[in-house]
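Colleague: how would this look folded up:
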Amino acid sequence: MSEVIKLIDGAPTIVDDDWVMLREDAPQHELGAHTIFPFAAMSSDTKAVRAVWISPDDDFEQQIENLLNLDLIAVDFSSFRDGRGYSVATLLRTRYGWRGELRAVGEVLRDQLNYLRRCGFDCFAVSANKDIRDAIKSFSHYSVQYQGSVDNPLPLFRKRRVGST
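Modeller: Numbering: from 1, shown residues only. Got it, this is the predicted structure:
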């Protein structure tokens, strides 16, 4: 069983991953209750689908009402150079109010994890060829965030120190 990094009460934790991503080219015999279907499956049978993965090219806003009823939405990063997944996450959290699990999948690297969290991701499937125990350490690299974000909308200059007037 593979592992993912999940934010549990805000703390990054390595947990077993009981979800299976169904890629278009994968055999269909592994379908089960914890299958993450491609976004295209939303148009065929929305009742059987509990989780989908979205590529940056998918026009997910057409199916937003159905997406909001799912247990999990994964955003696929086919390349670490493609930042559109950050925008997808921000839209899902801010414009559409998504409160379920939002997972970063695909080419997810250690250096991206803090930025992914700030855009609203709360689960991270680190690239298979990378060490997840090394990747989780990146969350402790940043102790102060100056700008507001999805995970903490208040910018630093708006925060007052305790005891100051």
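Colleague: Which helix or strand contains the residue nearest in space to the middle of the chain?
Modeller: Centroid check for the chain by Cα atoms, centre = their mean gives R103 as the closest residue, at 2.5 Å. Per DSSP states H and E: R103 is located in strand 101-106.
Colleague: Which secondary structure elements does the following helix or strand past that strand sit against?
Modeller: Note on strand 101-106: by DSSP H and E, the next helix or strand toward the C-terminus is helix 113-118. On a contact count with 3 or more Cβ pairs under 8 Å, 6 or more residues apart in numbering; DSSP states H and E, helix 113-118 meets helix 84-90. All C-beta atoms are positioned from the backbone trio N, CA, C, and that covers glycine.
Colleague: Which parts of the protein are strands?
Modeller: 3-8, 11-16, 20-21, 35-38, 51-54, 72-77, 101-106, 123-124 (DSSP state E).
Colleague: Could you dump those strands into CSV with mean pLDDT and distance to A89 added?
Modeller: Formatted as CSV, those follow (pLDDT from 0 to 100; distance: least, Cβ to Cβ, whole Å):
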stretch, mean pLDDT, distance to A89
strand 3-8, 96, 13
strand 11-16, 95, 16
strand 20-21, 90, 17
strand 35-38, 92, 16
strand 51-54, 94, 10
strand 72-77, 97, 6
strand 101-106, 97, 6
strand 123-124, 96, 11
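Colleague: so what's W53 up against?
Modeller: Counting by Cβ atoms under 8 Å, 6 or more residues apart in numbering, W53 touches M21, I36, F37, P38, F39, I73, A74, V75, D76, V105.
Colleague: Let me have the strands of the chain in JSON lines, extended by distance to Y115.
Modeller: Shown next, in JSON lines, are these (distance: least, Cβ to Cβ, whole Å):
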{"stretch": "strand 3-8", "distance to Y115": "14"}
{"stretch": "strand 11-16", "distance to Y115": "14"}
{"stretch": "strand 20-21", "distance to Y115": "22"}
{"stretch": "strand 35-38", "distance to Y115": "22"}
{"stretch": "strand 51-54", "distance to Y115": "18"}
{"stretch": "strand 72-77", "distance to Y115": "11"}
{"stretch": "strand 101-106", "distance to Y115": "10"}
{"stretch": "strand 123-124", "distance to Y115": "11"}
